[in-house]
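# need the 3D shape of this:
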Amino acid sequence: MAAHVVKWLQKGKVNRWLVILTFMFIPVFLLLVFTYIPFVKMMGFSFFDMKYIGKREYVGIQNYLDVFQRDDCFKALRLSFYYIGACFVQMSLALYFASVLSSNIRCGNLFKGFMFFPYLICGIAVGFIFKFFYTRGFVFDTVLSWFGFTQDQLPYWLKDTRINNISIAATSIWRYMGQNMVLFIGAIMSVDSTMYEAAAIDGADEWKKFRYIVFPSIKTVIALNLILSITGSLSAFEPPYVITNGSFGTATYFVVMNKLAHENQKVGLASAMAVILLVIILAATLFQKLIFRYFFGEGEEESWREKRMRRKREMISRKEGA
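Sure, this is the predicted structure:
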């Protein structure tokens, strides 16, 4: 019997599956223990009025209703639009610098290293850097004074509610632009060089090369970066938490959720906020994919818009032929 088992295990197909399952066991186990099981427990907590320690009272969907009714919960999500705006600026700058640095220019690798370096700094350190950078009379005010601005002419970058969220959102441009730039450079470098040569023979300028060669070739990477940037904007936490601790109207959805869970001990309400945020992120991701597929397609596949226009032209040509 044992010999038959050993012989069965030594078969190529069985052996291959055993190797796959063996290497998958630990990652899947860790994923279940630290991600999926806690998430299911958190969903259960969202139906209770509870603290970390003490009695639990079942309240059904009341926590979810409270998220939409309280001024400090769902309305804080509107601050994400500042970070979404910053992500579009960041993506535009990353795409521009990637287009420039993907060619062989002098000290190109040095510039790439300088621009990528902020991404290597942890979010807490970035927060402290910009906390002192924006403090009244410190770095930013000093730099602006070199251009003739007096301190009385400058706003309080972190206290003035008209500008403080813009100031904090701008920190994400500095931190993440280099990461997106490197991804774009990798995608641009993979474009077939013969396409550039053919475009140069036809007399295409740099803008036309980018529009008709580079952009269609890297649109999948652009879509991926855009999805990651916007979903990250919806869950912005480190910059407002470290720089202002959510004060002066800078508390994002995630900061409010953290405060409710750890300071106010409203674990059930914070869990409901987390579930709602997950649904919003999934919906935003799906919406972005549909929009991008409609206008630009996916991979080598043409866009839904182009397909519709092509079918429309075909129908018109059939009618004219008839």
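
# point to the residue nearest the middle of the protein.
S229 (2.3 Å; Cα atoms, centre = their mean).

# which residues sit in contact with that one?
Applying Cβ atoms under 8 Å, 6 or more residues apart in numbering to S229 gives the contacts 87, 90-91, 176, 180. Yep, even glycine has a C-beta here, placed from its N, CA and C like the rest.

# which one among those residues gets closest to S102?
N180 (13.4 Å; Cβ to Cβ).

# ok, and the closest non-adjacent residue to that closest one?
Leaving aside its sequence neighbours, N180 sits nearest to A94 (Cβ to Cβ, 6 or more residues apart in numbering; 3.7 Å).

# picking up where we left off before, return the set of buried residues in the helix or strand containing the residue nearest to the centre of the chain.
Here S229 sits within helix 215-234, counting by DSSP states H and E. For helix 215-234, the neighbour count (16 or more other Cβ atoms under 10 Å) marks 217-223, 225-234 as buried.

# could I get the average pLDDT for it?
Helix 215-234 shows an average pLDDT of 86 in the prediction.

# next one: A200 from V33, what distance?
Between A200 and V33 the distance is 56 Å, computed by Cβ to Cβ, to the nearest Å.

# for the chain, which helix is longest?
helix 267-295 (DSSP state H).

# which regions of the stretch 151-300 of the chain lie under the pLDDT threshold?
Within the stretch 151-300 of the chain, the stretches with pLDDT under 70 are 298-300.

# hang on, the earlier thing: quick one, what contacts the residue nearest to N180?
Neighbouring residues of A94 by Cβ under 8 Å, 6+ apart: 177-178, 180-181, 184, 225.

# possible to save the residues you listed as TSV with secondary structure and distance to V191?
Formatted as TSV, the contacts of A94 follow (DSSP: H, G, I helix; E, B strand; the rest coil; distance: Cβ to Cβ, whole Å):
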residue	secondary structure	distance to V191
M177	helix	21
G178	helix	21
N180	helix	17
M181	helix	16
F184	helix	11
N225	helix	17
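
# quick check: the farthest pair among those residues?
The largest separation in these, counting by Cβ to Cβ, is between G178 and N225 at 12.3 Å.

# coming back round to it: buried subset of the contacts of A94?
Using 16+ other Cβ under 10 Å, the buried members of the contacts of A94 are 177-178, 180-181, 184, 225.

# ok so, going back, got JSON lines for the contacts of A94, with distance to R56 too?
Formatted as JSON lines, the contacts of A94 follow (distance: Cβ to Cβ, whole Å):
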{"residue": "M177", "distance to R56": "45"}
{"residue": "G178", "distance to R56": "46"}
{"residue": "N180", "distance to R56": "44"}
{"residue": "M181", "distance to R56": "48"}
{"residue": "F184", "distance to R56": "49"}
{"residue": "N225", "distance to R56": "42"}
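
# for I20, state which of the residues you listed is nearest.
Looking across those and measuring by Cβ to Cβ, the closest to I20 is N225, at 31.0 Å.

# do you know how far the closest one is from F34?
Separation of N225 from F34 (Cβ to Cβ) stands at 27 Å.

# and K266, what is it in contact with?
Residues near K266 by Cβ under 8 Å, 6+ apart: 51, 260.

# what helices and strands are in contact with the helix or strand encompassing F29?
Counting by DSSP H and E, the element that carries F29 is helix 12-31. If contacts are counted by 3 or more Cβ pairs under 8 Å, 6 or more residues apart in numbering; DSSP states H and E, helix 12-31 sits against helix 2-9.

# pLDDT averaged over the helix it packs on, what's the number?
Per-residue pLDDT values across helix 2-9 average out to 63.
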